[in-house]
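Asks: Take a look and give me a structure for this.
(2 chains)
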Amino acid sequence: MTTYRCALLSVVKHDYIPRGVASHPQFEIVVVADDPGVPEWAHQRNQAFADEYNVPYVRSVEDAISQYDVQVAIVSSEAERHCDLSVRAAEAGLHIVQDKPMSNRMSECDRLVEAVERNDVRFLMWNRNGLPAVEHAREIVESGEIGDLYAIHVDFYFAKDCGPPLGSCPDGAPPIDWLGHQIAAHENGSDGGIGSEPMGELKVEGIYPLGYIRVLTGDAKVERVFARTSAHFHQLHSDNHVDDLATVSLEMAGGIQGTLCIGRIGAASHPDIGEIKIHALGSKGGLVISEARPEVSVYYRGQSADEFRNRRVSVENDFLLMEDFAKSIEQRRETLFDVRASREIVSIVDAAIRSSETGRVETVGS
Amino acid sequence: MNPVRIAIIGNTSSNAQYIAAAKRVRYVEIDFHSDAARVASSIADDVDAVIFTNGQSPPRLIQSLIERQKHIMMTTTEWNDESVCQLSKLARQNETVLLPDRVWRFRPDAMTMKEQLDNGKLGAAGLLRIHRWSSNNANRSSDCLYWDVDLACWLFDSEPNALYAMQRQSTETALPTKTVPPKTPPQYLQIHLGFPNGGSAVIDHCYGLPAGEEYQSTTLIGSSGAIYADDHRDRQLLFRGDGVRAPKSDDSLVALTAQLQSFVESCRNVGGIEFVDDEVTRVWRVLDQVEESMNKRAAVVPEISL
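Replies: Numbers count the residues shown, from 1 in each chain, chains lettered A, B, ... in the order given. A predicted model of the protein is given here:
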């Protein structure tokens, strides 16, 4: 069994991705690397992760790639650096596992697609399609039990706070600094939008529900969208003119219709991580899936208010993603969430944000 | 305390529901009839109010009853803008109640949502998400659509200022709106409403489930809280060796009872007579825009006065 040596190119955001990669027996993190000019807080995070895994931290991406005999790059930087780091990895012949969003620029996505394909390397966008409920939904749909799919809806509400609630800051208070807030939010893992450029929740988290739609429709192309976005919950989003609540109507190839509702709805609005559901309709029936299940409930005296009472169990998402990634390398085939699929997601989100600005139905990719 | 005497004009099925509901309501006596014309000609003098449950409510008959100071509740599918304005004006002149059947406002989930919005616990309404699936409500698709649009406008306390709607039909037929009842009901509808406060309502109706039980899910997310009402949570498990079934207890009477109680209280002038013509016509405007959006396959930007 081949073991792949991995370079972790920046771990300033979610460390659950490198941990997920490293949990698979065929993947081993051997070095953490980043560019020398990144801010000190980024160096500190990279160093801390390297120390935990007892691997070196190298302040040069190219040196790390050339000196540590790596085959895989794991990219979990700020969103605006995702594609650049991945392109450099692809140019060095490395296969890539990347954090979401693919990028905050379509041009960067295009650059990465070209680099991945020209260098014939594998690319995996991290996703949640391996969660047991999503897998179960896929099996049911693919079995034909609900017939031909004609509508799909995803509710994706994650119950996290994000600084002061909207309208709670005193009059005249300065706008909340996006990057400063995201850096501070790292401790509780709510820094998915870390970077210099503010990003709304549709842009940051949209990959997950759109990923469900993609896998359950058999990769039906989203052709047109109508969307509404607003900053409804958090002062941070309002101050930085990005959404924390978005609703999207989708028209897909094959006459499939659907919707997506997504929001960072605040910790008070759900006892656990949030309400996440999939509704699918087919010619023979319907399917309602709770993405969080199976779960076990844990209650005890003195339990802290921010501890989830219901815990997901039987989760093999990390293993399934990496198992597929390993096979894609061995079989020289695309991954289940490859670079073109990732670009397509960004394109859908781009059209949705455009629609929310114009008030019109927008064509994806136009 | 004198009870309100109500004549119900309906069919066997609706009458049975009202019989059960009436047992749970104070200050009401109910008679049942199947012939609207007979009520108008010979029974009206013996009752205080008339409820039409099955579409036998031509405006002329309603007009005659209002002129005789009878309170009215009726389904909205037979109404149009002109008749509702005329009848509302007449009802105001005669100080009678004229209410649309909007029973979904009285569902426990909707009442809880309204209560929690009004008491401020949810903050500002941000998202109303409704999934309603059934196999047997196709011939009531106009009512269902009316009720959910009414629910959205009621909870957001506003008329939408953005709208996009899609449908799916097995054959090319008329749209299920107030103006053109469908010959063949749609299999599926989805409606996306945007409200002036930035919030949205996203509603999907399926009328094409295989015969059996229906499914409903309603979520309201406000700026400081949320309410989830989902049949998914409320189903029990039944094992019979041929696969698991998930039946749900029947709570259909709860909303009907609450609506009947509310109507009775309006008739008894508890808290004053409620006039709702503006609320009815705003829903119709939205339904017109739904039809326009479906026909044009484009978003509609309604002009509304705030």
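Asks: ok, then the element right after the least confident helix or strand in chain B by mean pLDDT?
Replies: Across the helices and strands of chain B, mean confidence by mean pLDDT, DSSP states H and E is lowest for helix B:36-38: a mean of 72. On the C-terminal side of helix B:36-38, the closest following helix or strand by DSSP states H and E is strand B:49-52.
Asks: Other residues contacting that next one?
Replies: B:4-10, B:18, B:36, B:39, B:44, B:65, B:70-75, B:97, B:101, B:263, B:267 (Cβ atoms under 8 Å, 6 or more residues apart in numbering or on different chains). To be clear about C-beta, it is placed using only N, CA and C from the backbone, and glycine gets the same treatment.
Asks: Emit the PyMOL select command for whichever of these are buried.
Replies: Filtering these down to the buried ones (16 or more other Cβ atoms under 10 Å in any protein chain shown) takes a single PyMOL command:
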select buried, chain B and resi 4+6+7+8+9+10+18+36+39+44+65+70+71+72+73+74+75+97+101+263+267
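Asks: restrict the contacts of strand B:49-52 to those near chain A?
Replies: When Cβ under 8 Å from any Cβ of the partner chain is applied, no member of these is adjacent to chain A.
Asks: Which ones among the contacts of strand B:49-52 map onto strands?
Replies: Among the contacts of strand B:49-52, the subset assigned to strands under DSSP state E consists of B:4-9, B:71-74.
Asks: which of these sit farthest apart?
Replies: Greatest spatial distance among those (Cβ to Cβ): B:5 and B:74, at 17.3 Å.
Asks: Hmm, residue B:300 is touching residue B:289, no?
Replies: Yes - between residue B:300 and residue B:289 there is a contact under Cβ atoms under 8 Å: 4.5 Å.
Asks: Can you tell me the number of residues neighbouring the closest residue to chain A within the stretch 201-306 of chain B?
Replies: Among residues of the stretch 201-306 of chain B, the one nearest chain A by Cβ to the nearest Cβ turns out to be residue B:226. It sits 3.9 Å away. If you count neighbours by other Cβ atoms under 10 Å in any protein chain shown, residue B:226 ends up with 25.
Asks: Tell me what it is bridged to.
Replies: Following DSSP bridges, residue B:226 is listed with bridge partners residue B:221.
Asks: can you pull the contacts of it?
Replies: By Cβ under 8 Å, 6+ apart, the contact list for residue B:226 reads A:157, A:265, A:269-270, A:275, B:122, B:219-220.
Asks: Would you mind giving those as a markdown table with distance to residue A:51 added?
Replies: Written out in a markdown table, the entries for the contacts of residue B:226 read as follows (distance: Cβ to Cβ, whole Å):
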| residue | distance to residue A:51 |
| --- | --- |
| A:157 | 36 |
| A:265 | 36 |
| A:269 | 37 |
| A:270 | 35 |
| A:275 | 38 |
| B:122 | 45 |
| B:219 | 44 |
| B:220 | 47 |
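Asks: Now go through those residues and say which are in strands.
Replies: Using DSSP E, the subset of the contacts of residue B:226 located in strands is A:157, B:219-220.
Asks: follow-up on the earlier one: residues shared between the contacts of residue B:300 and residue B:289?
Replies: With contacts taken as Cβ under 8 Å, 6+ apart, residue B:300 and residue B:289 have residue B:163 as neighbours in common.
Asks: Looking at the two, which is more packed in?
Replies: Neighbours per residue, other Cβ under 10 Å: of residue B:300 and residue B:289, the larger number sits with residue B:289, 24 against 20.
Asks: is any part of the helix or strand harbouring the more buried one close to chain A?
Replies: Assessed by DSSP H and E, residue B:289 sits inside helix B:277-296. No - between helix B:277-296 and chain A, judged by Cβ under 8 Å from any Cβ, nothing touches; the nearest distance is 9.2 Å.
Asks: Quick one: mean pLDDT over that helix.
Replies: Helix B:277-296 carries an average pLDDT of 91.
Asks: so where's the stretch 201-350 of chain A uncertain?
Replies: Within the stretch 201-350 of chain A, not a single segment meets pLDDT under 70.
Asks: where exactly do the helices run in it?
Replies: Shown for the stretch 201-350 of chain A, the helices assigned by DSSP state H, counting those that start in this stretch span residues A:201-205, A:207-216, A:235-239, A:317-331, A:339-358.
Asks: Make a markdown table from these and add distance to chain B and mean neighbour count to it.
Replies: Formatted as a markdown table, these follow (distance: least, Cβ to the nearest Cβ, whole Å; neighbours: other Cβ atoms under 10 Å in any protein chain shown):
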| stretch | distance to chain B | mean neighbour count |
| --- | --- | --- |
| helix A:201-205 | 12 | 26 |
| helix A:207-216 | 13 | 24 |
| helix A:235-239 | 10 | 23 |
| helix A:317-331 | 22 | 18 |
| helix A:339-358 | 8 | 22 |
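Asks: Next up, the contacts around residue B:262.
Replies: Contacts for residue B:262 were tallied using Cβ under 8 Å, 6+ apart; they are residue B:106.
Asks: Number of residues surrounding whichever residue of chain A sits closest to chain B?
Replies: Taking Cβ to the nearest Cβ, chain B has its nearest neighbour within chain A at residue A:230, 3.4 Å off. Summarising burial for residue A:230: neighbours were counted as other Cβ under 10 Å, giving 24.
Asks: does it really touch residue A:245, like I thought?
Replies: Yes - shown here, residue A:230 and residue A:245 form a contact pair, counting by Cβ under 8 Å, at 5.3 Å.
Asks: Overlap of the contact sets of those two?
Replies: With Cβ under 8 Å, 6+ apart applied, the overlap between the contact sets of residue A:230 and residue A:245 consists of B:126, B:198-200.
Asks: Same list, these, but only the ones touching chain A.
Replies: Restricting the shared contacts of residue A:230 and residue A:245 to those touching chain A (Cβ under 8 Å from any Cβ) yields B:126, B:198-200.
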